[in-house]
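1. next comes the sequence, and after it the predicted model I'd like to discuss.
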Amino acid sequence: MSLVADNLTLRRGGRPVVAGLSAALNPGEITAIVGPNGAGKSSLLLGLAGLLAPTSGSVTWDGHDLASLHPRARAQAIGYLPQAPDVAWDVATETLVALGRLPWRDRGTAAIESAVTALDLAALRHRPVSQLSGGERARVLLARVLAGEPRWILADEPLAALDLGQQLSLAAHLKACAAAGQGVVVVLHDLALAMNHADRVLVLKDGVLIAAGPPVAALAPPVIAQGWGVQARWLGEAGARALVTGG
Amino acid sequence: MNRASLIFAVLLALLVPVSLLAGRVWIAPTDFGPGNTLLILAELRLPRAVLAVVIGAGLGAAGAAMQGYLRNPLADPGLFGIAPMAALGAVASFWLGPAIPPAWAGWSLPLMALAGAGLGMACLALIAGRTSSDAAGGAGGGMALFTLAGLMLASLAGALTALAITLAPNPFALSEIVLWLNGALTDRSWREVAIAAPLTLAGIAVLMLAARSLDALTLGEEAARSMGLEPRRLLALLVVGVGLTVGAGVAVAGIIGFVGLIVPHLVRPLTNRLPSSLIVPSALAGACLVLAADSIVRVLPLVTELRLGIALSLIGAPFFGWLLLQMRRGRL
């Protein structure tokens, strides 16, 4: 059930944003997409989610071309979490989570309950989303994706704007999803989070993949110098590394 | 049936008999003997009440759907420009009056209004068909373009209607046009009910088909598409649903504004706030509002009956101002 991009080229607003990218992503892993601003990370995520049609190349899931998959079938397979989405109506937490069942057109009580439990939302289920903290809101939005029981979870900067404890908590939830066999792809800005929590990292610059592989290799100092133009090195041991800049 | 539907269904069941009894001449609940009373009820008040229910239901449901589609509590079915287009069609019928065969004279106004609404829907569908929202990465281009296209249609239809008024063939036609544009249910019969009811019911049914897609838009367009939303299908359902409900209403009663804006706000606190939970109760609440307003304008002690469209605008405009204040205070 791999998600495979083959020579993928994407354009937005008439401008090329991803060029000739090939990568095979595996379920059961957390894949982080990193790169400087404007590198095409969010566009690549949209392409992998089947929400941005390729101008050339393809994205396939389980051998099916996403572009030819019915929107509902695609939605059942791939859950997408946009960056800090604006919630139009001040619905209760539980109602928002239940939106995750829309691709299935069922009540999905068990799946909703499971998502609520997994993200510790039982106490918040009747609270309007306007009254949630940033961390609670991020958990609710992830729970909405989990309620759809997708095979893949694609999240655009899910850890942005969260404090340290909230980041670690949400990263642990994403790890649990991967451990349960779901594929997880996240766009991250924080390279230390990618280094410490991802199983695989794709590094983009100007829409081109400049490195891919395990974090230690893909985020090696020469790649950071090439991608961000910054001299940096890693300190600490596996799972708890910190990036320091300068010689 | 959710709680809001139940509440407004009960309210409607109470309002209908009151509306039948209310008027310049009040009918006592015990006064149902043979003679004029039954005639007044069967041929004047009942069709008028049914028409108020039908038009209110259509406008209420269309308002709920439009607010869901545009993710904006200040949206109104009028934003699609269909009502002004229908009004333009109706105004054209005043112009074409002499050329219309006498056998068709009674039908020309509603049919021309429906033709105007249909033309508006076709223009919107043409624009929707030309948006490449999928390739652009979302329905955003489509949604914004659609709203602007609706405003363009409304402006154009408004200008042409004003031109038709300015160049009215005779003072009688001028007075007819202006009065008609203000919207009213005076002197409507079962014929208008037969025109508006099937179209409105079909329109509400189409809007109900769009309900779950409107829910998906709660989290924005990209999230909605990731949940299987098909933007063009939704747009098509909205154009047809709003076109039928609003077009049918304008065809038989003229322009009645603000119902679609007000009603979802009355309903929303009684529901889980998702658009899908609003459409049916908004239809019922819209029916209540128009029926109540029409009953009130009938009993007001004025020399001539206050036009329903004017009465609802007098209620609606301050309500809109109150909504804006609520929005400024972050309570909307």
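-> It's in.

2. can you give me the strands for chain A?
-> All strands of chain A, identified by DSSP state E, fall at A:3-12, A:15-25, A:30-34, A:56-61, A:64-65, A:78-81, A:152-156, A:183-187, A:200-205, A:208-213, A:232-235, A:242-245.

3. and the next helix or strand past the least confident helix or strand in chain B by mean pLDDT?
-> Every helix and strand of chain B was ranked by mean pLDDT, DSSP states H and E. The lowest is helix B:133-136, at a mean of 42. Read in the C-terminal direction, the helix or strand following helix B:133-136 is helix B:140-166, with elements assigned using DSSP states H and E.

4. now that following helix: mean pLDDT?
-> Helix B:140-166 comes out with an average pLDDT of 83.

5. which strands and helices sit next to that helix?
-> When contacts are defined as 3 or more CB pairs under 8 Å, 6 or more residues apart in numbering or on different chains; DSSP states H and E, helix B:140-166 sits against helix B:46-70, helix B:82-96, helix B:105-130, helix B:133-136, helix B:171-181, helix B:231-253. Where C-beta positions appear, they are placed from N, C-alpha and C, glycine not excepted.

6. just put these in CSV and tack on mean neighbour count and distance to A:L170.
-> Rendered in CSV, the data for these read as follows (neighbours: other CB atoms under 10 Å in any protein chain shown; distance: least, CB to CB, whole Å):
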stretch, mean neighbour count, distance to A:L170
helix B:46-70, 28, 30
helix B:82-96, 25, 45
helix B:105-130, 19, 38
helix B:133-136, 18, 30
helix B:171-181, 15, 57
helix B:231-253, 26, 30
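
7. tell me which of those helices approaches chain A most closely.
-> Nearest to chain A among the helices and strands packed on helix B:140-166 is helix B:133-136 (5.3 Å), distances taken as CB to the nearest CB.

8. out of the strands of chain A, which gets nearest to chain B?
-> Chain B sits nearest to strand A:78-81 of all the strands of chain A, at 3.5 Å, using CB to the nearest CB.

9. quick check: A:I210 touching A:A225?
-> No. At 10.8 Å, A:I210 does not count as touching A:A225 under the criterion of CB atoms under 8 Å.

10. which one's more surrounded, these two?
-> When A:I210 and A:A225 are compared on other CB atoms under 10 Å in any protein chain shown, the one with more neighbours turns out to be A:I210, at 15 against 12.

11. in the chain, where is pLDDT below threshold?
-> I went with chain A, as the question did not name one. Along chain A, the parts satisfying pLDDT under 70 run over A:247.

12. I was after chain B.
-> Across chain B, the stretches falling below the confidence threshold (pLDDT under 70) are B:32-34, B:128-142, B:331-332.

13. mind checking the longest helix of chain A?
-> Assignment by DSSP state H gives helix A:164-179 as the longest helix of chain A.

14. check which helices and strands that helix sits against.
-> Counting by 3+ CB pairs under 8 Å, 6+ apart, the packing neighbours recorded for helix A:164-179 are strand A:30-34, helix A:134-147, strand A:152-156, strand A:183-187, helix A:191-197.

15. export that helix to CSV, keeping only CA atoms.
-> Output for helix A:164-179, consisting of C-alpha atoms alone and laid out as CSV, is shown next (Å, rounded to 0.1, in the frame of the first residue of the first chain):
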residue,chain,number,x,y,z
LEU,A,164,7.0,22.1,23.2
GLY,A,165,4.9,19.7,25.2
GLN,A,166,2.0,19.9,22.7
GLN,A,167,4.5,19.2,19.9
LEU,A,168,5.8,16.1,21.6
SER,A,169,2.4,14.9,22.5
LEU,A,170,1.1,15.2,18.9
ALA,A,171,4.3,13.6,17.5
ALA,A,172,3.7,10.7,19.8
HIS,A,173,0.2,10.3,18.4
LEU,A,174,1.5,10.3,14.9
LYS,A,175,4.1,7.7,15.8
ALA,A,176,1.3,5.6,17.2
CYS,A,177,-0.5,5.8,13.9
ALA,A,178,2.6,4.7,12.0
ALA,A,179,3.2,1.9,14.5
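
16. just want the angle from that helix to helix A:134-147.
-> With axes from the mean of the first three to the mean of the last three CA atoms, to 10 degrees applied, the angle from helix A:164-179 to helix A:134-147 works out at 10 degrees.

17. nearest residue to the middle of chain B?
-> Averaging the C-alpha coordinates of chain B gives a centre point, and the residue nearest to it by CA atoms, centre = their mean is B:L59 (3.1 Å).

18. verify the contact between that one and B:V259 for me.
-> Yes. Counting by CB under 8 Å, B:L59 does reach B:V259; the two are 3.9 Å apart.

19. overlap of the contact sets of the two?
-> In terms of CB atoms under 8 Å, 6 or more residues apart in numbering or on different chains, B:L59 and B:V259 are both contacted by the residues B:G286, B:V290.

20. would you mark the buried spots in the helix or strand containing B:A224?
-> When elements are defined using DSSP H and E, B:A224 is found to belong to helix B:221-226. For helix B:221-226, burial by neighbour count (16 or more other CB atoms under 10 Å in any protein chain shown) applies to B:E221, B:E222, B:A223, B:A224, B:R225, B:S226.

21. got TSV for the helices and strands packed on helix A:164-179, with mean neighbour count and distance to chain B too?
-> Putting the helices and strands packed on helix A:164-179 into TSV (neighbours: other CB atoms under 10 Å in any protein chain shown; distance: least, CB to the nearest CB, whole Å) gives the following:
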stretch	mean neighbour count	distance to chain B
strand A:30-34	26	16
helix A:134-147	24	7
strand A:152-156	24	8
strand A:183-187	26	13
helix A:191-197	21	23
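
22. next, format those as CSV and append distance to A:I112.
-> Shown next, in CSV, are these (distance: least, CB to CB, whole Å):
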stretch, distance to A:I112
strand A:30-34, 24
helix A:134-147, 5
strand A:152-156, 16
strand A:183-187, 20
helix A:191-197, 26
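
23. that older thread, off-centre distance for the helix holding B:A224?
-> For helix B:221-226, the distance from its own C-alpha centre to the chain's C-alpha centre is 29 Å (CA atoms, centre = their mean, to the nearest Å).

24. please consider this matter closed, and thank you.
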